[in-house]
Structure formats: structure tokens, C-alpha cells
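Q: have a look; sequence and predicted model below, questions after that.
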Protein chains: 2
Amino acid sequence: MKEISASQAYRLLEPGPIVLVTTSLEGTQNVMTMGFHMMIQHAPPLIGCVIGPWDFSHRTLKKTGECVIAIPGVDLAETVVDIGNCSGDTVDKFERFSLRTRPAKDVAAPLLVDCLANIECRVADPGLVDRYNLFILEAKRIWIDETRKERRAMHHSGDGSFTVDGGTLDLRKRMVKWRHLP
Amino acid sequence: MKEISASQAYRLLEPGPIVLVTTSLEGTQNVMTMGFHMMIQHAPPLIGCVIGPWDFSHRTLKKTGECVIAIPGVDLAETVVDIGNCSGDTVDKFERFSLRTRPAKDVAAPLLVDCLANIECRVADPGLVDRYNLFILEAKRIWIDETRKERRAMHHSGDGSFTVDGGTLDLRKRMVKWRHLP
């Protein structure tokens, strides 16, 4: 995996892909599927995400302040749904779904080797967790796998149906307003 | 346009499409392009979105507490970028881009006739605006156009390039955890 600047988080998350989130507490790792997330700010790169007390990862994220947001390709579609269907409270999902991991650099949560990209995150502001289950994260490092052939992300329509990335549309030359972005 | 329950907002926004936002203050309407948004809660349907003071709509949204989130199809791609390239401070974007509107039912902001869906929203919590330019909106009404042929939404990669909806993946039967959702 190749590292790119954490400032590029918006390139990965603004398109709104379904993501996986890993956490780790005292040697116990977990992974969950997450669809409620957004970019909040470019610099420093802040991400908002909803992880509720109904998610086993909620407590770990609160305690450790660390997670990894991984973006799966369409080749992991069934696994993404299955991960969302069970709880780390009762299942070692890494074992059940044969998820290959690699240590992250700045956080204890693991990287997911079979994803398109992994974003190491730290909680920047836990102040909205009680009211909205909304964690404000800061992206610290980004790792991308440029070698994999399947590069299509998925977008969750909220009910188990997904749209898969189709063609791309390059209107970069038309967009002048944000040319200053990193 | 056909009305569907506001509880269905997650079906439209969880996939993370680029959206347009309309506002209206004392007869002056505006429309902007927005990529930083998310679902925050299913019931009531809360949406988080970042609209900063650099956006002409920021002040209007603060004052009126109302907006419409419209989801454009790929047929509006160039217009979506062009709308983001100019400011309502100096341009009547509805006129410049020949945007067809229709009055909303509960808010003064107009619906965009040529979009896939329109969500009438009210600010539910302005408390995070000062810190993160983050408005918490509640979806009040949703209008969808079921008749249009072009139904592909776009996802902004943050730099003027987009991925367009491709195929769909129906894993609804596999997803058991959220079957209670409206």
C-alpha cells in the first residue's frame, strides 16, 4: 500500500462510498460497516461519522479515540453486508470473513489489506457523540492500493441495495472555484 | 412529482450523491452545489451538511432555517459544476442556468423540477454552525420524479471529477439487521 497525504481524504470520502471501520482495544479488534459519514472540513481533514451505542465499536472508539476507515471495492460487496449483519460482541469478524489486516502506523486499529484505501483517524471532537452519536474524526494517514484491478466503490441505498461506480466524468477544467485545494 | 415519506431521506442521501441546495429570502432565491453532507439519524430523518460563510446561501439558511436539497441526475453534470463556480451574490443562477422551479409545500426555497428528487428541509439544530459550519437539518417532505429516464446520480471526487452511478447490486435479502427501517 502506498501512502498519500491525509489532506486527500476528501477525494476518497466526498463521493460517499460505503465504508468499513476498524477499531482495536486491548488486543480485541472489530470491524463494522458504516454508511452515515461525510467530510466536514478540508484542512485539517475532518470527517463526521455516526457510530451509535448499538454498534459494538462505539465503546471502543470512545475509549481509544482511534479507528481506521477502509473503502471496500465491489469485490467485497457480500462481505460488507455480512459484516453489518453481525456484532463484534459475539463474533471475531476478521476470522469469520477471512479479513487480511496489516498494522496501521499511528493507530492501534488495523488496516484492511483487501480494500481500496485505508484512512487512519483519530477522534478530534467527541462533543457531539452524546447528542447525535456523531464522532468528528481527523484523518491522519491514508494508504491506497494502486495495484488492484477492481477499483469500483459501492454506494449504499440504505436497504441492502447498492449502486456501483460506473463511468467517470472529468469536469476538472470546468471547476475553477476550488483549484486551490491540496 | 410524487411525494414519498420524509422517512425515506436515507434512501436518497446515504449513497452520497452530489446535491444542489436551494434557499430563499425575501423573494431572492439561490442555489448552490454541495458535497459535504450525510444522514445523521433515521427517525426523525436528520441530515448534516456543511455550508460555510463563503457560500452565499449560508446567511440565508441561518436566517430562514429552510432549504431544499435536490439530487441532480447526470444530465445536469455541467450545470452542477457551473452552479458551484459562481456566487448568488452576483448572479441569478436560476436565470443563468435556466433552472425550472416549482414552489415547495412547507418551505420558501424552491424545488428544482429537473432533479431526481427534492427534499424540503428545516434546520433542526443550528448549534454546530459556528464551530463546523455544520447545519443539522430535518427532512420534512420528499418529492421524486419517477417519470424521467435518466436516473443516474453523480458522486463528486472533490476536484471536479465524478463517478456516475453504474449497475446496482441487490443484497437486500442478505441484510437482516435493519429490516425494521421504514
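A: Yes, it's here.

Q: what strand or helix carries the residue nearest the centre of chain A?
A: In chain A, the residue lying closest to the centroid (C-alpha atoms, centre = their mean) is A:I69, at 2.3 Å. With elements taken from DSSP states H and E, the one containing A:I69 is strand A:66-71.

Q: again with A:D130
A: Going by DSSP H and E, A:D130 is in helix A:129-132.

Q: quick one: contacts for whatever residue of chain A ends up closest to chain B?
A: With C-beta to the nearest C-beta as the measure, A:G16 is the residue of chain A nearest to chain B, at 1.1 Å. The way it works is simple: take the backbone N, C-alpha and C, and place the C-beta from them, glycine included. Counting by C-beta atoms under 8 Å, 6 or more residues apart in numbering or on different chains, A:G16 touches A:M38, A:H155, B:E14, B:P15, B:G16, B:P17, B:H155.

Q: got it, and A:R122?
A: A:G65, A:E66, A:D106, A:V107, A:L137, A:E138, A:K140.

Q: helices of chain A, start to end?
A: A:9-13, A:56-64, A:77-85, A:93-96, A:129-132 (DSSP state H).

Q: just the ones you listed: most buried one?
A: Across the helices of chain A, averaging neighbours per residue (mean count of other C-beta atoms under 10 Å in any protein chain shown) puts helix A:9-13 on top, at a mean of 26.

Q: wait, does that one contact chain B?
A: Yes - using C-beta under 8 Å from any C-beta of the partner chain, helix A:9-13 comes into contact with chain B via A:Y10, A:R11.

Q: mind pulling up the pLDDT for A:R179?
A: At A:R179, the predicted lDDT confidence score is 52.

Q: who does the residue lying closest to A:C115 once chain neighbours are set aside bridge with?
A: Of all residues beyond its chain neighbours, the one nearest A:C115 is A:A70 (4.0 Å), with distances taken as C-beta to C-beta, 6 or more residues apart in numbering or on different chains. With DSSP bridges as the criterion, A:A70 is bridged to A:L20, A:N118.

Q: what's the spacing between A:A70 and A:L20?
A: Using C-beta to C-beta, to the nearest Å, one obtains 4 Å as the distance from A:A70 to A:L20.

Q: neighbours of the nearest residue to A:I144 once chain neighbours are set aside, how many?
A: Of all residues not flanking A:I144 in the chain, A:A117 sits nearest, at 4.5 Å (C-beta to C-beta, 6+ apart). A:A117 is flanked by 27 other residues according to other C-beta atoms under 10 Å in any protein chain shown.

Q: so what's A:A117 up against?
A: Neighbouring residues of A:A117 by C-beta under 8 Å, 6+ apart: A:L12, A:A70, A:I71, A:I142, A:W143, A:I144, A:D145.

Q: make it 7 Å
A: Applying C-beta atoms under 7 Å, 6 or more residues apart in numbering or on different chains, we find A:A117 in contact with A:L12, A:I71, A:I142, A:W143, A:I144.

Q: quick check: chain neighbours aside, which residue is closest to the first one?
A: Spatial nearest neighbour of A:L12, excluding adjacent residues (C-beta to C-beta, 6+ apart): A:A117 at 5.3 Å.

Q: which residues does the residue lying closest to A:T168 once chain neighbours are set aside contact?
A: Nearest residue to A:T168, sequence neighbours excluded (C-beta to C-beta, 6+ apart): B:T163, at 5.4 Å. Neighbouring residues of B:T163 by C-beta under 7 Å, 6+ apart: A:P15, A:D165, A:G166, A:T168, B:H155, B:S157.

Q: counting neighbours, which of those comes out on top?
A: Most surrounded of the contacts of B:T163: other C-beta under 10 Å gives B:H155, at 26 neighbours.

Q: got a list of what it touches?
A: A:P15, A:G16, A:H155, B:G16, B:P17, B:I18, B:F162, B:T163.

Q: again, only using 8 Å
A: A:14-17, A:155, A:165, B:15-18, B:162-165.

Q: next: A:G48.
A: So A:G48 contacts A:H37, A:M38, A:M39, A:I40, A:L134, A:F135, A:I136, A:L137, B:M38, B:G48, B:Y132, B:L134 (C-beta under 8 Å, 6+ apart).

Q: hey, what's the first one bridged with?
A: Residues in a beta bridge with A:H37, per DSSP bridges, are A:C49.

Q: so it makes contact with B:M39?
A: No - assessed by C-beta atoms under 8 Å, A:H37 is found out of contact with B:M39, at 9.2 Å.

Q: need the overlap of contacts for those two.
A: Contacts common to A:H37 and B:M39, judged by C-beta under 8 Å, 6+ apart, are A:V50.

Q: pLDDT of stretch A:127-136, averaged?
A: Per-residue pLDDT values across stretch A:127-136 average out to 98.

Q: distance between the ends of it?
A: 8 Å (C-alpha to C-alpha, to the nearest Å).

Q: where does pLDDT dip in chain A?
A: A:177-182 (pLDDT under 70).

Q: and the strands in it?
A: A:2-4, A:19-25, A:28-34, A:37-41, A:46-50, A:66-71, A:101-102, A:111-112, A:117-125, A:134-144, A:154-156, A:161-170 (DSSP state E).

Q: which one of those strands lies nearest to B:D55?
A: strand A:37-41 (13.9 Å; C-beta to C-beta).

Q: centre of the chain to that closest one, how far?
A: Centre-to-centre, strand A:37-41 and its host chain are 12 Å apart (C-alpha atoms, centre = their mean, to the nearest Å).
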